[in-house]
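*Asks:* For reference, the sequence and a predicted model appear below.
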Amino acid sequence: MTTFEPETVPGQAPPPDSVPPRDSSAQAPTSVARLNDTIRGFIENWGSVWVEGEITSWNQRGGNVFGRIKDLVTDATVSVRIWSSTLQRLPRDLKVGDHVIACVKADYFSRTGDFSFSVSAMRHVGLGDQLEKLEQLRTRLRAEGLFDAARKKPLPFLPHMIGLITGENSDAEKDVHRNAELRWPHVDIRTKHAAVQGDRCVPETIAALKALDADPNIDVIVIARGGGDPQTLLGFSDERLLRAVAAASTPIVSAIGHENDHPLLDDVADLRASTPTDAAKRVVPDVSEQRALVAQLRARLVGRLSQRVKHDVAQLEQLRSRPALRAPGSVLTSRAQEIWMLVSRGRDLVERRVESGGRRTMELRASLRALSPVATLERGYAIAHLADGVIVRDAEQAPAGTRMTITVARGSVAARSDGEIPESDAD
């Protein structure tokens with residue numbers, strides 16, 4: 001922890017009456033209360049001091065804040081307390097991971113023997129080194145597309161077997177088992193234990209992940225931890241673990257910490273659960289809810305079928321009430337009468353057409369007969385034509401000796417021409 005310009009130099013001697021008697025021994029021990037009062041009197045003489053560090057814990061209870069500040073170089077930490085009256089004067093956006101400088105004064109509770117620092121002022125210096133590195137990693141992984149929703153795999157509706165990676169005998173393991181079995185009693189969970197903080201966290205978690213991902217019976221993998229300060233959750237923001245999660249073929253659920261914890265694993269995993277309990281609820285369906293849903297769907301199906309049957313029955317009754325179905329013979333009778341009338345009309349029309357056609361035929365026959373050569377032959381005329389059928393119209397066509405055929409009204413006779421007769425002889 002780096003010290004900045006202390007307002008008063010600590011180490012002043014305590015009041016003489018607060019120092020335990022020199023002859024205190026096993027035969028004449030001092031009381032715990034007097035010892036604590038002595039320590040408190042000594043610490044109260046310390047002045048305020050400005051320190052620089054990184055906020056690793058920030059819990060607000062009853063208007064006051066109880067947290068921890070970590071040294072930027074070593075792992076040394078101190079507990080700090082901020083009263084509500086002081087908190088109102090501090091920046092509103094203070095949070096875990098912030099790089100700050102704070103004016104603190106040592107405080108010792110003589111009743112419990114607890115030691116902490118009261119904060120009277122605090123301001124940002126910048127992001128802590130760890131948070132800055134995490135933000136750089138977050139930016140790089142986002143640019144590579146590891147946070148994209150399109151690459152996240154959907155969870156199965158009802159997994160046959162769940163793979164669980166968590167600490168051995170941890171509350172997270174108990175929460176997942178208890179809540180999953182409450183929701184679906186026959187759920188099967190295969191657990192791989194791994195360290196959930198420290199140097200062993202990342203390699204053991206990666207090994208457990210690869211083992212479960214290679215198991216074809218595992219449908220979904222849950223990585224669970226029961227919360228903690230950002231320092232203990234750093235393993236779940238390690239780039240090696242994040243890339244192993246991104247490369248896994250099995251859907252992975254991140255259930256690290258509580259609602260306000262947010263390691264990078266939450267962004268790379270296929271689903272982020274706020275707590276291990278929430279993970280069990282998100283992965284396993286509730287059997288009672290599913291039964292209620294099935295009952296609801298069955299009731300809706302029965303209602304729809306009943307409504308459809310009632311509608312079809314009503315429509316059938318409506319069709320049956322129509323005259324055509326109520327008295328089919330009436331339709332046939334009316335149609336038969338209509339057909340009889342049409343047949344009668346057709347017969348009359350045909351008879352009139354035949355009669356008219358007969359009269360027209362007789363008229364045409366009479367006209368044809370009047371124009372026919374037969375009528376001329378009936379009046380005593382005859383037609384002479386040569387052997388080749390040419391009608392004789394000129395006497396020169398039939399010189400003496402020419403054979404001819406004479407056609408009269410009833411038959412034909414053969415004749416031979418004696419030559420042309422002079423007109424005087426013809427008369």
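*Replies:* Noted; the coordinates are in hand.

*Asks:* just checking, what packs against the host helix or strand of residue 345?
*Replies:* If you go by DSSP states H and E, residue 345 is part of helix 328-371. Packed against helix 328-371 by the contact rule (3 or more Cβ pairs under 8 Å, 6 or more residues apart in numbering; DSSP states H and E) you find helix 323-326. (C-beta placed from N, C-alpha, C; glycine too.)

*Asks:* From the contact counts, what lies against the helix it packs on?
*Replies:* helix 328-371.

*Asks:* and the helix it packs on, how far out from the chain's middle?
*Replies:* Distance, stretch centre to chain centre, for helix 328-371: 75 Å (Cα atoms, centre = their mean, to the nearest Å).

*Asks:* Show the average pLDDT along that helix.
*Replies:* Across helix 328-371, the average pLDDT comes to 86.

*Asks:* same check, this time on stretch 117-129
*Replies:* Averaging pLDDT along stretch 117-129 gives 77.

*Asks:* Then stretch 287-302?
*Replies:* Mean predicted lDDT for stretch 287-302 stands at 90.

*Asks:* What segments of the chain are helices?
*Replies:* Per DSSP state H, the chain carries helices over the ranges 32-44, 84-87, 129-144, 171-183, 201-214, 239-247, 265-268, 276-283, 287-320, 323-326, 328-371, 373-378, 423-426.

*Asks:* Tell me which of those sits nearest to residue 68.
*Replies:* When the helices of the chain are compared by Cβ to Cβ, helix 129-144 sits nearest residue 68, at 13.8 Å.

*Asks:* If you count neighbours, what's buried in that closest one?
*Replies:* 130, 131, 134, 138, 141 (16 or more other Cβ atoms under 10 Å).

*Asks:* Ok, stretch 248-258 next?
*Replies:* Across stretch 248-258, burial judged by 16+ other Cβ under 10 Å covers 248, 250, 251, 252, 253, 254, 255, 256, 257.

*Asks:* And the contacts of it?
*Replies:* For stretch 248-258, contacts defined as Cβ atoms under 8 Å, 6 or more residues apart in numbering pick out 153-156, 163, 172, 176, 209, 212-213, 218-228, 233, 236, 245, 263, 265-266, 268-276, 278-279, 282-283.

*Asks:* To residue 414, which of the helices of the chain lies closest?
*Replies:* Judging these by Cβ to Cβ, what sits closest to residue 414 is helix 373-378, at 17.1 Å.

*Asks:* how about that closest one as PDB, C-alpha atoms only?
*Replies:* Listed in PDB are the C-alpha atoms of helix 373-378, where the atom choice follows Å, rounded to 0.1, in the frame of the first residue of the first chain:
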ATOM      1  CA  PRO A 373     -87.400 -31.100-118.900                       C
ATOM      2  CA  VAL A 374     -89.700 -34.000-118.000                       C
ATOM      3  CA  ALA A 375     -92.600 -31.500-118.000                       C
ATOM      4  CA  THR A 376     -91.700 -30.400-121.500                       C
ATOM      5  CA  LEU A 377     -91.500 -34.100-122.600                       C
ATOM      6  CA  GLU A 378     -95.000 -34.600-121.100                       C
END
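
*Asks:* Report the contact partners of residue 120.
*Replies:* 48, 86, 103, 104, 105.

*Asks:* And the last one, how far from residue 214?
*Replies:* Put plainly, it is residue 105. Distance of residue 105 to residue 214, given as Cβ to Cβ, to the nearest Å: 56 Å.

*Asks:* Looking at these two, which has the bigger crowd around it?
*Replies:* Higher neighbour count among residue 105 and residue 214: residue 105, with 17 against 11, using other Cβ atoms under 10 Å.

*Asks:* Who does the more buried one form a beta bridge with?
*Replies:* Taking DSSP bridges as the rule, residue 105 bridges to residue 118.

*Asks:* State whether it and residue 116 are indeed in contact, as I suppose.
*Replies:* No: look at residue 105 against residue 116 with Cβ atoms under 8 Å: they stay out of range, at 10.1 Å.

*Asks:* quick one on the thing from earlier: which of the contacts of stretch 248-258 count as buried?
*Replies:* 155, 163, 172, 176, 209, 212-213, 218-228, 233, 236, 245, 263, 265-266, 268-276, 278-279, 282-283.

*Asks:* picking up where we left off before, among the contacts of residue 120, which pair sits farthest apart?
*Replies:* 48 and 86 (12.3 Å).

*Asks:* any idea how far the residue most central in space within the chain lies from residue 94?
*Replies:* With distances taken as Cα atoms, centre = their mean, the residue of the chain nearest its centroid is residue 154 (10.0 Å). In this structure, residue 154 and residue 94 are 38 Å apart, going by Cβ to Cβ.

*Asks:* Spatially nearest residue to the residue nearest to the centre of the chain, not counting backbone neighbours?
*Replies:* In this structure, residue 154 finds its nearest non-sequential neighbour in residue 251, 6.9 Å apart by Cβ to Cβ, 6 or more residues apart in numbering.

*Asks:* From residue 321, how far off is that neighbour?
*Replies:* To residue 321, residue 251 is 60 Å away according to Cβ to Cβ.

*Asks:* One more: residue 92?
*Replies:* For residue 92, the distance to residue 321 - Cβ to Cβ - is 78 Å.

*Asks:* quick one: residue 146 and residue 246 touch, right?
*Replies:* Yes: contact criterion Cβ under 8 Å: residue 146 and residue 246 qualify, at 5.1 Å.
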